[in-house]
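Undergrad: Here is the input, now give the coordinates:
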Amino acid sequence: MPTLLGNVPSNAFFYCFYQLTKSVLNSYNENINKGVSYLISTSVAECVACIVRLPFEMVKQHMQVFPSNTMSSAINNILKTQNLSTFLLKNYLVLILRDIPFDCIQYFLWDTFKDFSKANIGKYSDQHPYLTSSLCGGLAGGISAFLTTPIDVIKSRHTIHVWKIKTHN
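TA: This is a model prediction of the structure:
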């Protein structure tokens with residue numbers, strides 16, 4: 001439940017700031033390299049989205065570490081056992097260190113694959129833009145997940161370690 005509650009608003013913020021940043025970059029420099037534009041736009045958008053996603057992510061992970069917790073008891077435990085400002089800042093930094101590489105790789109590959117498909121199978125790509133975009137997105141997401149799984153494992157171990165120390169003190 002925390003994942004659903006957090007992903008809807010954080011994704012809305014992500015796409016809003018992704019498009020906004022791309023528009024601003026392109027309006028100031030029409031000749032900006034597409035790859036650079038994607039990477040900057042994705043990074044800015046992910047920093048904003050993580051602010052929204054962080055509280056939900058922390059509750060979700062707390063419930064995974066301590067499965068008997070309900071959502072409300074997880075929130076109460078976090079508030080009781082953590083210095084909230086330090087906890088949020090530290091976990092925000094860890095979250096963006098995981099999510100920015102994932103999203104930069106994913107969106108760069110997605111746009112690159114779409115451009116490649118237009119150039120090489122243009123007629124089919126033009127006739128089936130949603131299918132082409134979906135296939136390109138699925139491939140990009142799979143590659144991104146594969147490449148960034150070690151970062152996700154480090155983030156999860158860090159979070160679990162911090163919570164186990166805090167709850168046993």
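
Undergrad: Centre of the chain to the helix or strand of the chain with the lowest mean pLDDT, how far?
TA: Ranked by mean pLDDT, DSSP states H and E, the helix or strand of the chain with the weakest confidence is helix 122-127, at a mean of 79. Here helix 122-127 is found 30 Å from its chain centre; the criterion is Cα atoms, centre = their mean, to the nearest Å.

Undergrad: Tell me which other helices or strands the helix or strand that comes right after that helix touches.
TA: Going down the chain from helix 122-127, the next helix or strand is helix 129-168, by DSSP states H and E. Applying 3 or more Cβ pairs under 8 Å, 6 or more residues apart in numbering; DSSP states H and E, one finds that helix 129-168 contacts helix 34-65, helix 71-81, helix 84-120. All C-beta spots, glycine's among them, are computed from the backbone N, C-alpha and C.

Undergrad: Now the least confident helix or strand of the chain - C-alpha only, PDB.
TA: What follows is the C-alpha trace of helix 122-127 in PDB, where atoms were taken according to Å, rounded to 0.1, in the frame of the first residue of the first chain:
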ATOM      1  CA  GLY A 122      10.200   3.800 -39.600                       C
ATOM      2  CA  LYS A 123       7.000   2.800 -41.200                       C
ATOM      3  CA  TYR A 124       6.200   0.100 -38.600                       C
ATOM      4  CA  SER A 125       7.300   2.500 -35.800                       C
ATOM      5  CA  ASP A 126       5.000   5.200 -37.200                       C
ATOM      6  CA  GLN A 127       2.000   2.900 -37.500                       C
END
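
Undergrad: ok so, going back, lowest average pLDDT across the helices and strands packed on helix 129-168?
TA: Among these, helix 71-81 has the lowest mean pLDDT, at a mean of 82.

Undergrad: I'd like to know which elements that helix is packed against.
TA: helix 34-65, helix 129-168.
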